[in-house]
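# no FASTA, just this:
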């Protein structure tokens, strides 16, 4: 009986000494990276123990896919190895998306004293759409110039309709492009 109690006590002490790691994604989850300019959102994680305290010194590996939509880190590789800082955080530094558009996953692994935790960070590479608004701008400017000319003509007529004033006493000149008005004659 003594041996069984000692065995249970040893197992309980060993289990209490083990640190259960967990990874919390702080930044980068569901980020949309710009494949055209090769700018991306660096993944940031925090490693915590079973008491939710930050774990410093854990070895962290960030792994992007080798093919398809993906990214490389500041090292130029799809794998980046680092350690957590005093606040338990680690960053996949220098993330640059490749030219392939679409979703991908960055796999993250953290380990310390034989304990390991893993997480997945989902990101997407995309090319922002370019709007062709130059035609819309010309139309808008033309409409605004027309409205200004109409308002100026109404002001010159004193707000009266053309039927009420058979002979205009003030005239203005409307030139296509920038509105311009001459002095009253």
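Yep, it's here. All of these numbers come straight from a predicted model, not from anything done at the bench.
# count the residues that sit near residue 92.
27 (other CB atoms under 10 Å). (Glycine included, C-beta is placed from N, CA and C.)
# you'd agree it is up against residue 106?
Yes: assessed by CB atoms under 8 Å, residue 92 is found in contact with residue 106 at 6.7 Å.
# okay, and the common contacts of those two?
28, 43, 62 (CB atoms under 8 Å, 6 or more residues apart in numbering).
# what's the neighbour count on the second one?
By the criterion of other CB under 10 Å, residue 43 has 27 neighbours.
# likewise residue 84?
23.
# please name the residues that touch it.
46-47, 54-58, 60, 90, 110.
# so which of the residues you listed wins on neighbours?
residue 47 (29 neighbours).
# surely that one is within a strand?
Yes: assigned with DSSP: H, G, I helix; E, B strand; the rest coil, residue 47 falls within a strand.
# pLDDT value on it, please?
pLDDT recorded at residue 47 is 98.
# residue contacts, it?
21-24, 54-55, 58, 60, 84, 88-90, 110, 112, 117.
# swap in residue 119?
Neighbours of residue 119 in contact, by CB under 8 Å, 6+ apart: 23-25, 45, 107-108.
# which of these are buried?
The neighbour-count test (16 or more other CB atoms under 10 Å) marks 23, 25, 45, 108 as buried among the contacts of residue 119.
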